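structure of the sequence below:
(chains A and B)
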Amino acid sequence: MFRLPVSELDSFFAKVAEKETLYMPVDGKDGRASYEKWEDGKKLSSQLNTVRSAKGFFFPQTTNLCDFKKHDMEFEVIDNRAESEDFVVFGVRACDARSFTILDKVFLADPIDSYYATRREHGTVLTLACTAPEENCFCNAFGIDPAQPEGDAACWITDNYLYISANTNKGTAFIESFKALFEECDTAEVDTQKAQIKAIAEKLPFANVTTDYFRRNTLLEIFNSEKWEKLSEACLACGTCTFVCPTCQCYDIKDYDTGHGIKRYRTWDSCMYADFTKMAHGNSRNTQMQRFRQRFMHKLVYFPDNNNGEFGCVGCGRCLSRCPISMNIVKVIKAFGEE
Amino acid sequence: MHNETLIPKIGVVTDIRQDTPDVKTFRVVGTDGKKLFEHIPGQCAMVSVPGVGEGMFSITSSPTNTEFMEFSIKKCGTLTTWLHAMDVGQQITVRGPYGNGFPVETTFKGKDLLFIAGGIGLAPLRSVINYVRDKRENYGSVQIVYGSRSKEDLVDYQEILDEWMSCPDTEVNLTIDREQEGWDGHVGFIPNYVKELTPSTDKTVVMCGPPIMIKFTLAGLKELGFVDTNVFTTMELRMKCAIGKCGRCNIGNKYVCKDGPVFSFDQLSELPNEY
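Below you'll find the predicted structure:
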């Protein structure tokens, strides 16, 4: 465990930013926190979490896959991929940190997604313990500890110090390269903070949310349940849940003719949209109930089936605060759990 | 950088055959004049016209064809309309192969095979049929039941007449939906025809066609005593990545692009009926 005085935080950020691009949550003019490139004068947000998740660092909202040049009857494929620059993301919460390991299981599975892989290889994730988890948090349901976040190195901010402890080789290398700024220390103050976080987390309204039902019942039993009709009744198909979700990774691939060539790019997509599965001859998910069911079946049944039981949700609570009809994954889990 | 399967190769269209009023078969090679890649019967490739779109198509030629690949494509949407407007010599992009393919070297080996195809559903089966024909000694008897709306809609009709019908230990049963001048063969829908033919239940069935045909034919096969484990089909859903990542072609916890497109009906019976 290492630490530096909180008064030195800005000069620490400045030192990091000299070496690599540094991103962190910063409060915007609208009062909402979002990840921004750190520059002198920008202050780390004190809010619990950002409106958008951190997935965009590795899976950006749009990615140029390749370009094509057209010459009469012929095409030329232009592979313009480049290694990502080195960058550091500071202040990632435990939920978002876990989302990266979930995204890894998709994008780093064979065949590896090279666009994701290069950003993952060149990005260092510095996480920050949640000093005050809030009412929409339910990361505990997925075995995530807000007091001990994953990532390359975990940080804790107390009244006087920033504490840092490496979780990976990349984290160790990071601390090593800024060693002059840190002093080695014991864990006493961090232990106290961890106990405080635990005490808060235990009292949260969703502290006892359990996903047991989805382990006890079969795919077809859950899929064929009558509950989906009622749960999905008011869904507007806006797709907000998928865009703010740190684990939603479905994407679309599209071409754009710039007039000087064709850009092929991928963008975030949403299984909540009607055209997601629409083909020339029909649509396999014709109703909003089917599309709604797909989203939750994917996170609670299909993904765990294919990934040693790991759920595709990290309990960040973003869908709880953003859904315009106040439907969310906790309501779905509870509706099934209450049998 | 890692290799990237999402970046396609250039394919040159060297021949276009008008098979039916709305189906054309495209012969494709790389810019070096050689086959783009090897595949297993039943596997697919993502074919694209840059600027228009990309779609998954089954490779209809057999892997035993060492010179080129073929795609039989029905004109039914934006991309396929574009492809149908193309001329020989034009370029497209191709990436693949994708999917599991048919178990031609394992489960099918030594078996009597019954192929049942409806309309453009013959395209993925043609790859297996020609593979079996080229390695005839590895398989038992072959029966092909193929039907379409009309005589003109039978894809690869000439190949069926010239080559399949003269292949040893091979029976070909053709049918069309309605009576037609110049047609003295069988008339009627495939599910009924299969029942009339009463094929032996020892046969391994490979079936592809419109969902409604699959549904009724499967019911008919079960009446005859066929079991789900011996009936295979190949599925099709909307795809973007073809590698199980873009998230749209799943049937339950299986991705058609990666875990399929070939499934046996006992596998499908454990999955949601959402296709």
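
with the flanking residues excluded, which residue is spatially nearest to the closest residue to chain A within the stretch 1-150 of chain B?
The shortest separation between the stretch 1-150 of chain B and chain A is 3.2 Å, found at residue B:77 (distances taken as CB to the nearest CB). Backbone N, C-alpha and C define where each C-beta goes, glycine included. Sequence neighbours aside, residue A:280 is the residue nearest to residue B:77 in space, at 3.2 Å (criterion: CB to CB, 6 or more residues apart in numbering or on different chains).

contacting residues for that neighbour?
Under the criterion of CB atoms under 8 Å, 6 or more residues apart in numbering or on different chains, the neighbours of residue A:280 are B:76-78, B:80.

go on, residue A:134?
A:48, A:204, A:317.

give me the ChimeraX select line for the residues you listed, limited to the buried ones.
Applying 16 or more other CB atoms under 10 Å in any protein chain shown to these leaves a buried subset, and the ChimeraX line that selects it is:
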select /A:48,204,317
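
circling back: for the residue of the stretch 1-150 of chain B closest to chain A, give its distance to residue A:284.
Using CB to CB, to the nearest Å, residue B:77 is found at 15 Å from residue A:284.

of those two, who's got more company?
Looking at residue B:77 and residue A:284 with other CB atoms under 10 Å in any protein chain shown, you find the greater number of neighbours at residue A:284, namely 21 against 15.

if I look at the more buried one, how far off is chain B?
Taking CB to the nearest CB, to the nearest Å as the criterion, residue A:284 is separated from chain B by 5 Å.

that residue contacts residue B:238, correct?
Yes: distance between residue A:284 and residue B:238: 7.5 Å, which falls inside the contact criterion (CB atoms under 8 Å).

so what sits against both of the two?
Between them, residue A:284 and residue B:238 share the contacting residues residue A:277, judged by CB under 8 Å, 6+ apart.

got the phi and psi for the nearest residue to residue A:331 once chain neighbours are set aside?
Residue nearest to residue A:331 in three dimensions, not counting chain neighbours: residue A:231, with 7.0 Å by CB to CB, 6+ apart. Summarising the backbone geometry of residue A:231 under the convention degrees, to the nearest 10, its torsions are phi -60, psi -40.

what about the closest residue to residue A:310 other than its chain neighbours, how many neighbours?
Beyond its immediate neighbours in the sequence, the residue positioned closest to residue A:310 (CB to CB, 6+ apart) is residue A:304, lying 5.9 Å away. Around residue A:304 there are 19 other residues, counting by other CB under 10 Å.

and residue A:304, which of the three is it?
The local conformation at residue A:304, judged by DSSP: H, G, I helix; E, B strand; the rest coil, is helix.

and for the one 5 residues further on?
Here residue A:309 is recorded as coil under three-state DSSP.

residues from the stretch 1-150 of chain B in reach of chain A?
B:1-10, B:50-54, B:76-78, B:80, B:87, B:89-93 (CB under 8 Å from any CB of the partner chain).

you'd agree residue A:243 is up against residue A:268?
Yes: between residue A:243 and residue A:268 there is a contact at 6.3 Å, judged by CB under 8 Å.

report the central residue of chain A.
Geometric centre of chain A, nearest residue: residue A:246, 2.9 Å, by CA atoms, centre = their mean.

in contact with that one, which residues?
Under the criterion of CB under 8 Å, 6+ apart, the neighbours of residue A:246 are A:53-55, A:95-96, A:99, A:314, A:316, A:318.

buried sites along the strand or helix carrying residue A:17?
Residue A:17 is part of helix A:9-19 when elements are defined by DSSP states H and E. The neighbour-count criterion (16+ other CB under 10 Å) identifies A:12-13, A:16-17 as the buried residues of helix A:9-19.

so what touches that helix?
Outside helix A:9-19, the residues that reach it (CB under 8 Å, 6+ apart) are A:4, A:22, A:24, A:38-40, A:44, A:86, A:88, A:90, A:162, A:177-178, A:181.

drop anything exposed from those.
In terms of neighbour count (16+ other CB under 10 Å), the buried residues within the contacts of helix A:9-19 are A:4, A:22, A:24, A:38, A:44, A:88, A:90, A:162, A:181.

list just the nearest of those residues to chain B.
When the buried ones among the contacts of helix A:9-19 are compared for distance to chain B, the smallest value, 21.6 Å, is given by residue A:88; criterion: CB to the nearest CB.

quick check: residue A:213 vs residue A:224, distance?
Using CB to CB, one gets 14 Å for the distance from residue A:213 to residue A:224.

when those two are compared, which one has more neighbours?
The residue with more neighbours, out of residue A:213 and residue A:224 and counting by other CB under 10 Å, is residue A:213; that gives 17 against 12.

and the gap between that one and chain B?
From residue A:213 over to chain B the distance is 17 Å, taken as CB to the nearest CB.

same deal with residue A:91?
Taking CB to the nearest CB as the measure, residue A:91 falls 28 Å from chain B.

what of residue A:192?
Here the distance between residue A:192 and chain B works out to 43 Å (CB to the nearest CB).

got TSV for the buried ones among the contacts of helix A:9-19, with distance to residue A:219 and pLDDT too?
Written out in TSV, the entries for the buried ones among the contacts of helix A:9-19 read as follows (distance: CB to CB, whole Å; pLDDT from 0 to 100):
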residue	distance to residue A:219	pLDDT
A:4	50	97
A:22	44	98
A:24	41	98
A:38	45	97
A:44	43	95
A:88	41	98
A:90	40	98
A:162	46	97
A:181	51	95
